[in-house]
Structures are given as C-alpha cells and as structure tokens.
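Trainee: Take this sequence and fold it.
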Amino acid sequence: MPATATSTTPTTSRGGGAVALVLLGTALAGAVAATLIALTRAPAVVGLPDPGALTDYGLPALRAIAESAAVLTVGSALFAAFLAPPQGDGRLRVSGYAALRTTTWFGAVWCVAAAVMVPLTVADSIGRPLADVLDVDVLSRAVPALSTAEAWLLTAGIAAVVTIGSRAVLTWGWTVPLFAAAVGGLLPVALSGHSSSGGSHDVATNSLLFHIVAAALWVGGLAALVMHGRRTGGHLAVATTRFSRMALVCWLVMAASGVINALVRLPLSDLLTSTYGLLVVAKIGALVVLGGIGYEQRQKSVTAVVERGDGASLWRLGSVEVLLMLATVGLAVALGRTPPPDGARRELSASELLLGYDLDGPPTVLRLLLDWRFDLVYGTFALVAAGLYVAGVLRLRRRGDRWPVGRTVAWLTGCLVVLLATSSGIGRYAPAMFSVHMGSHMMLSMLAPALLVLGGAVTLALRVLPAAGSDGPPGPREWLLAAVHSPVTRVLTHPVVALVLFVGSFFALYFSGLFDAALSRHWAHLAMNGHFLLVGFVFYWPLIGVDPAPRRLPSLAKLGLVFASLPFHAFFGVILMGSATVIGDGFYSALGLPWVPDLLDDQRLGGGLAWASGEIPLLVVLVALLVQWARADERAARRSDRRADADGDADRTAYNAMLRELAERKPPAQGS
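Mentor: Below you'll find the model as predicted:
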C-alpha cells in the first residue's frame, strides 16, 4: 500500500503541474505579444482614427491567447488520434479520454477568444473604440467587408464544432475527423493575413500554411505529450518515439517555410535595419534554440523513456520547450501585427495584385512547358508522393519481393501530371485564363486520378508498413486500413455518389456563381485543385483501381459507369462553347491581359478543351479494364491448371464419365 501511494503521488502532481505549465505558457504568449507591440509600435499620426489602447494592446494579447489555445487544441486532438492507443474494441483508453477533455477546454477558450477577436478586428480596421462597434448593425455591415473579421468568425464556428465534438466522441475512429477539423480551424485566419495580399501572395500564403500547421503539430503535440503521456502506461515509449519523429519533420518544415515567407516579404538589406526584420531574426533565433532543445530531447529523454521507461526526463526537457514554444507564438503574433518595411513596398501591377506575379506574354507552347512557378502545396505533394512511393518499392526489393513496373510507371506519371498542372506554365497561366484553367482542370480531375489509382499506393503501403500487433497501439498501417474501410469512404465510393460528384462538380462550380466568387481568392484555387483530384480519385478507384475498393463492382457495371459519364462531359463542353455569358467576367476584365481581347472566345476554347479532353481518360480506362480482364482470365486459367495437376484433372475425368454414362443410356435408333 505505501508503495502504491509513493508511485501515484508524483504522477498526479506532475499532471497538475503540466496543466499549470500550459496555462502559464498561454498567458506568457499574450504578454510577449502585447509587450512587443508596445515596444515596436510607431507613434500615432495626428488626424488618423485611433481605436484606443484597449484595442491596440488587447487585440495582440487576445490573438496570442487564441492561437495558443488553437495550438493546444490541435495537439490534444493529435494525441487522442495518433499517440494514445485505443482498446481492442476501438474505444478510447484513459489517456485518449483525458486528451479529449483537454481538447474540450482549450477548444472552448479558442472559440471564445476567436469570437471576441471579431469586434476587436473591426475596431482596429475602422479606427473606432471597441465600445462603438459593439452593435449588431455595425458588426453586420463591417464583418462581411473585412476578410480578417470573417475569418475569425469562421474560426469561432470551427472551434465550437471541435469543442462539442470532443465531448461526444467515445471511439478512436472519430478522433481522426476531429483532429482534421481542429487543423482546419487554423487556416481561415492564416489565409486572410499579410501573406494573402501584395506581390507573391501565392507563395507567401502557401508557405505560411505549412508553417502554421507544422508549428501547431509540434507545439501542441509536445504539450499534450507532457500533459497526458504519463497515462499511456506501457505505450509511452511508442508515443514518445512517434512524436520525436514528427517533431523533426515539423522543425524542418517550419525552417524551410519560414525562410521562404521571409524572403518573399522582406529584402535582405532590411533584415537588420527594420523592426520587422529584427522580429524575423528573433523568431529565427527562437526556432534555432527550440531545434537544439528538441535535439537534446531526442538524444536523452526519448532514449530514457524507450529504454528505461523514465518519464521524468521528458517532463524536465519538455516543460522548458513548451514555455519557449508558446512564447514564440506571442512573437509570431507581434510579427503579424508589424508592417513590412517601406523597402518591401512598391507599385504592383494588376497581375501581381490579383495573381501574385506577372506574366511574360501570351501562353505559347514553350511558356506553358518551361515557364515554371513551383506550387508549394501541390508541387510538394507530387514530389513527396513520388518519393514515398519509390522508397516503398525499394524497400520491397531489398527484402526480395517484386512490385509490377507498370504500377510504378502509372503512379509516377500521375504525380508528374499533378506537377505539370500546378507548377509548370500551365499552372502559372491557369488562374489568369479560362482556357488554360480548363486544361489544368481536366488534367487534375480526369487524367492524374486515373493514373494514380493504377499505381496501387494503398496496396504498396500495406505491404511495406509493419503491423502493430494484437497488443500494440495502432500505427500507420492500421490508420490506413481504418481510412479505407471507414463509412465516409464507403459512401463516397458508391457508384451513384461517385458519378454525381464527378460529373455534377462541373455544372455546380461553373454555372452557379461559385467559380466567379473563387477567382479572386487564393485559398479557393487551392480548394478547387484539391476537389478535382479527390473527386476524380473517388470516381476511378472502384472502376480501375488496383487497391481493393470498399465496394466491388462487376465488370459490366464498371464499363457502364464510364460510358454514363461521357454524355455529361460532352454536354458541359457544348454549353460552354455555345454560351453568350462570360464566366468570371469581373476578374478577367480587371486582369486585362492584352493577348486575351475577347474573353468569350477564350471561354469557348476552354469549352472545346473540356469536350475533347474527355476522350483521353476514357481511352486510359478502357485500356486498363481490358488489361485487367485479360489478366483475370489468365489467373483463372492458371488456378484451373494447378487444380487439375493436383487432383489428376478430376473435373475433366468426371465430365467424360458423365458423357459415357449418357451415351450408354441412350436408346437404340428405330429400325435398327
């Protein structure tokens, strides 16, 4: 009994200390942000509206608290989904439940802080005291006109969903969508800040997305591990090792994306001569220090946990790292409130304002092929997907297993199509011209998915990734299987649902006004490209995919589904070619490209591309189906031959015996 008390007391006190540590770090983030704003704030200009000290200092402090709570919410959801092992029946263990309760509390703080940020943002933008904007009429008029205020309102809604969901979730399977929703809540504000406007805003926004998500996973994941790792029992070593690997990747992503974002917004000459540049240097220094502490943790505390089960080392180093991380969040908020130096500002052309970059001339064949602008989101996705696939194939070969070359060629070609559609001259001109956009659309929705599903990436991953075992916590292999067999995947791959999504997206996007509204928003272009890829993948997977689909379709049903989609694509292209209304007229007119004198002609060209390009994926699908049917017949014939060799061709012997018996029973012919 005394031994039990001795072993329990430190754990309990350490758990309470972890919560106090995180709360202290959140308050520290707000204090750092407010202090830096006070020290670096420029003197007020006489005659310009001033929202008052409450908004000037309260807004950055509250934003730091909101972002800290968001990071801790993401980290707690991450812990419940991927670091806390569930029970055998899928229900959460104590560590998972505890992490979800933490998700609830920090999600509530995030929701309230984001909601209060709405009037503070309005007051700051229009230069009026906070008390003057706390009116329903004022807010209802101001919020739709201010993208940042809208973003905070959307963030509050997402945080509310996460908060309510974390109270209702009881099984491990639902923690993954909850985690995805929490990560999604980070995006609205990131997409509406400094990086979303001005020159090169596409690169700045994409790099910021990587930076914010990586920071949330690193900071929040470590805080959750410190708070709840003690409850994982014998699985603490697995959780610590997984987080350590993820933390290294997050640090590298943060370093690369931070450098890219700084180079886009700040000339090197202003790095040490401006307030903005000094804050960037301070943030780089904090990142280096955190990287060093993280390395020390991987070398000492992770080893101690894995080899000796010593969680005290994790607590000692992790607590310091959590405080520094949350203080860095406050530094990042101050950086976001500080305008870049005047040297970084210049007169921008219409193309730079609307697209983020200039175009060198009309889209000739050479420019479409060679005038590259790397897409940090989809270009990175294509390269990483290709690299991971090749690594999996090489691992199979090293252990003596074979993998069909055709599948590798299909997957790498699909990745190349994604890269060309988003990062080559096609991707560069796609936001500026409807015809090029339609070509990119067809590549992403019809050609690339058909090639990717032929690569059989899921099957490759299941053969490469090790199984967790009956007593081990779920790992990447189990996560992948859960995703493939989830109810959401089963619904999406239903033939009717897949067909409606695949062909209906064309009409819903271009003829409902959604495309017009999306043209001026970079995040909407990212969402469109992701939608094209996902819907195409869901459509082609049950038809020609190598990986086993949740629903098995007979061969005739597969062929019928392909032919059922053809008239809709042809009809869509014909409508575009015959339309007298320009889709996206306002955006394309403001862009004013001299080599596109007639927007309607360019739209008709895009309609022709949509009509003609539908034949290419059909050819790929038909060839794939024919090859698969031929191989299925060959496999059936080989099985029959093996069975005949094993039983002495018993089926044929029995069939011949039956024929002889029938011949013997046959009555003699009349008159014989």
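Trainee: Quick check: buried residues in stretch 406-414?
Mentor: Of all the residues in stretch 406-414, those buried under the rule 16 or more other CB atoms under 10 Å are 407-408, 410-414. C-beta here means a position set from N, CA and C on the backbone, and glycine is covered the same way.
Trainee: Output those residues as JSON lines; include the columns secondary structure, distance to L92 and pLDDT.
Mentor: Below are the buried residues of stretch 406-414 laid out as JSON lines (DSSP: H, G, I helix; E, B strand; the rest coil; distance: CB to CB, whole Å; pLDDT from 0 to 100):
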{"residue": "R407", "secondary structure": "helix", "distance to L92": "37", "pLDDT": "92"}
{"residue": "T408", "secondary structure": "helix", "distance to L92": "39", "pLDDT": "95"}
{"residue": "A410", "secondary structure": "helix", "distance to L92": "39", "pLDDT": "93"}
{"residue": "W411", "secondary structure": "helix", "distance to L92": "35", "pLDDT": "96"}
{"residue": "L412", "secondary structure": "helix", "distance to L92": "39", "pLDDT": "96"}
{"residue": "T413", "secondary structure": "helix", "distance to L92": "42", "pLDDT": "95"}
{"residue": "G414", "secondary structure": "helix", "distance to L92": "37", "pLDDT": "95"}
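Trainee: And the strands in this protein, which stretches?
Mentor: In the chain, no strands are defined using DSSP state E.
Trainee: Which residue ranges make up each domain of it?
Mentor: 31-42+51-342, 368-618 (automatic domain parsing).
Trainee: mind giving me CSV with these and columns for distance to L625?
Mentor: Converted to CSV, the domains of the chain look like this (distance: least, CB to CB, whole Å):
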stretch, distance to L625
domain 31-42+51-342, 33
domain 368-618, 6
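Trainee: Would you mind finding the most buried of the ones you listed?
Mentor: Of these, the one with the most neighbours on average (mean count of other CB atoms under 10 Å) is domain 31-42+51-342, at a mean of 20.
Trainee: average pLDDT across stretch 526-546?
Mentor: The pLDDT scores in stretch 526-546 average 89.
Trainee: Repeat that for stretch 177-193.
Mentor: 88.
Trainee: ok, and what's touching it?
Mentor: For stretch 177-193, contacts defined as CB atoms under 8 Å, 6 or more residues apart in numbering pick out 70, 73-74, 77-78, 80-82, 100, 103, 107, 110, 147-148, 150-152, 154-155, 158-159, 161-162, 165-166, 169, 205, 208-209, 212-213, 216, 336, 522-523.
Trainee: returning to what we had before: can the buried residues of stretch 406-414 go into a markdown table with extra columns for distance to P129?
Mentor: Output for the buried residues of stretch 406-414, formatted as a markdown table (distance: CB to CB, whole Å):
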| residue | distance to P129 |
| --- | --- |
| R407 | 64 |
| T408 | 64 |
| A410 | 62 |
| W411 | 59 |
| L412 | 59 |
| T413 | 60 |
| G414 | 56 |
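Trainee: Let me know the closest of those residues to L130.
Mentor: Of all the buried residues of stretch 406-414, L130 sits closest to G414, with 52.3 Å by CB to CB.
Trainee: Report the contact partners of the nearest residue to the closest one once chain neighbours are set aside.
Mentor: The shortest distance from G414 to any non-neighbouring residue, by CB to CB, 6 or more residues apart in numbering, is to L451 (3.3 Å). For L451, the contacting residues are 410-411, 413-414, 417, 620, by CB under 8 Å, 6+ apart.
Trainee: Could you measure from L451 over to T175?
Mentor: Applying CB to CB, to the nearest Å, the value for L451 to T175 is 33 Å.
Trainee: circling back: which one of the domains of the chain has the lowest average pLDDT?
Mentor: domain 31-42+51-342 (a mean of 78).
Trainee: which residues does V249 contact?
Mentor: A214.
Trainee: So it versus W523, what's the distance?
Mentor: The gap separating V249 from W523 is 24 Å, by CB to CB.
Trainee: Surely T104 touches A160?
Mentor: No. Applying CB atoms under 8 Å, one finds T104 not in contact with A160, separated by 11.2 Å.
Trainee: all helices for the stretch 151-300 of the chain, in order.
Mentor: In the stretch 151-300 of the chain, the helices defined using DSSP state H, counting those that start in this stretch lie at 175-184, 187-190, 201-228, 236-265, 275-299.
Trainee: could those be laid out in a markdown table, adding distance to G456?
Mentor: Listed next are the helices of the stretch 151-300 of the chain as a markdown table, based on distance: least, CB to CB, whole Å:
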| stretch | distance to G456 |
| --- | --- |
| helix 175-184 | 23 |
| helix 187-190 | 31 |
| helix 201-228 | 28 |
| helix 236-265 | 25 |
| helix 275-299 | 34 |
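Trainee: out of these, nearest to M446?
Mentor: helix 201-228 (24.5 Å).
Trainee: From the contact counts, what lies against that closest one?
Mentor: With contacts taken as 3 or more CB pairs under 8 Å, 6 or more residues apart in numbering; DSSP states H and E, helix 201-228 sits against helix 2-40, helix 53-78, helix 94-126, helix 187-190, helix 236-265, helix 311-337, helix 522-544.
Trainee: how big is the angle separating it from helix 94-126?
Mentor: Helix 201-228 runs at 140 degrees relative to helix 94-126, counting by axes from the mean of the first three to the mean of the last three CA atoms, to 10 degrees.
Trainee: For S435, list the residues it contacts.
Mentor: So S435 contacts 602-603, 605-606, 609 (CB under 8 Å, 6+ apart).
Trainee: redo that, cut-off 10 Å
Mentor: Taking CB atoms under 10 Å, 6 or more residues apart in numbering, we find S435 in contact with 363, 429, 596, 601-610.
Trainee: From A517, how far off is it?
Mentor: For S435 relative to A517 (CB to CB), the value is 20 Å.
Trainee: What of L533?
Mentor: 21 Å.
Trainee: And for C415?
Mentor: 30 Å.
Trainee: Please apply the same query to M442.
Mentor: Going from M442 to A517 by CB to CB gives 22 Å.
Trainee: And for A262?
Mentor: Per CB to CB, A262 is found 31 Å from A517.
Trainee: swap in G560?
Mentor: Distance, G560 to A517, by CB to CB: 36 Å.
Trainee: rewinding a little: switch the contacts of S435 over to CSV; also include distance to L388.
Mentor: Formatted as CSV, the contacts of S435 follow (distance: CB to CB, whole Å):
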residue, distance to L388
P363, 32
Y429, 30
V596, 39
D601, 43
D602, 38
Q603, 39
R604, 41
L605, 37
G606, 34
G607, 37
G608, 37
L609, 32
A610, 32
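Trainee: for the residues you listed, which one is nearest M446?
Mentor: Using CB to CB, the shortest approach to M446 within these belongs to A610, at 9.6 Å.
Trainee: isn't the closest one right up against V503?
Mentor: No. With contacts counted by CB atoms under 10 Å, A610 stays clear of V503, the gap being 11.7 Å.
Trainee: Next, give phi and psi for the nearest residue to Y510 once chain neighbours are set aside.
Mentor: Residue nearest to Y510 in three dimensions, not counting chain neighbours: I583, with 5.7 Å by CB to CB, 6+ apart. Per-residue torsions, I583: phi -80, psi 130 (degrees, to the nearest 10).
Trainee: Identify the residues contacting I583.
Mentor: Counting by CB under 10 Å, 6+ apart, I583 makes contact with 434, 509-511, 513, 515-516, 519, 576, 599-600, 603, 606.
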